[in-house]
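Asks: Sequence and computational prediction follow.
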Amino acid sequence: MLDPLDARLLLALADSPRAGVMELARQLQVARGTVQARLEKLQRRGVVTGFSPDLDLRAIGYEVLAFVSLEIAQGRLADVIEHLAGIPEVLEVHATTGPGDLHTRVVARTNEHLQEVIGAILAVQGISRTTTQIAMSEQLAMRVVPLIAKSLDPA
């Protein structure tokens, strides 16, 4: 759970990701040491996992976003995950319930490049079937701010 100050700090960071500790302290009207201590606590707890830039992959040439579901042979999960980790275009891999065992988020420069990426994915023993869905457009981006804001008003 987040206390109100932690929630306000996270919202301020989401609003101004490049703000320094002093600026955050000014915005939140608390001491610099309080902000620093809260940020360190949130990092230790695993709430804040990084300060990487948000990137629009289309702006650097990755026009195609696809979701690839993989069915994995028994006992091959570790091999498949290690293989997928070596493919830069594989952005995320989640173990799932349902017809597939793994759900991946993949990017490619073109549809032809996507076919090459899928070929690279299949170049490991243990994948028995794949299903690919190409994203046509993003309707709602990954977001956490509404969830944090809700913690300030739990009604």
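Replies: Cool, the structure landed.
Asks: any residues touching stretch 67-79, and which ones?
Replies: Stretch 67-79 is contacted by residues 80, 95-96, 99-106, 118, 121, 124-133, 135 when judged by CB atoms under 8 Å, 6 or more residues apart in numbering. Glycine gets a C-beta too; all of them are placed from N, C-alpha and C.
Asks: which parts of that stretch are buried?
Replies: Buried residues in stretch 67-79, counted by 16 or more other CB atoms under 10 Å: 68-70, 72, 76.
Asks: Give the ranges of residues in this structure that sit below the confidence cut-off.
Replies: Residue ranges of the chain with pLDDT under 70: 154-155.
Asks: Determine the three-state secondary structure at the residue minimising distance to the centre of it.
Replies: The centroid of the chain falls nearest to Glu92 when counting by CA atoms, centre = their mean (7.1 Å). What DSSP: H, G, I helix; E, B strand; the rest coil gives for Glu92 is strand.
Asks: pretty sure it is touching Leu102, no?
Replies: No: applying CB atoms under 8 Å as the test, Glu92 and Leu102 come out as separate, 10.0 Å apart.
Asks: and the residue in the chain sticking out farthest from the centre, backbone torsions?
Replies: Largest separation from the mean C-alpha position in the chain: Ala31, at 31.3 Å (CA atoms, centre = their mean). As for Ala31, its main-chain torsions (degrees, to the nearest 10) stand at phi -70, psi 150.
Asks: Hmm, it is touching Ala25, no?
Replies: Yes: in this structure, Ala31 is within contact of Ala25 by CB under 8 Å, at 6.2 Å.
Asks: Now Asp91: closest residue in space that isn't a chain neighbour?
Replies: If you look again at residue 91, you'll see it is Leu, not Asp. Of all residues beyond its chain neighbours, the one nearest Leu91 is Arg105 (4.6 Å), with distances taken as CB to CB, 6 or more residues apart in numbering.
Asks: Pop out the phi and psi values for that neighbour.
Replies: In terms of degrees, to the nearest 10, the main-chain angles of Arg105 are phi -110, psi 130.
Asks: got it, and the one 3 residues further on?
Replies: Per-residue torsions, Ala108: phi -150, psi 160 (degrees, to the nearest 10).
Asks: so how many other residues sit close to it?
Replies: 21 (other CB atoms under 10 Å).
Asks: sorry, back to before: please report the distance of the residue farthest from the centre of the chain from Arg38.
Replies: Separation of Ala31 from Arg38 (CB to CB, to the nearest Å) stands at 10 Å.
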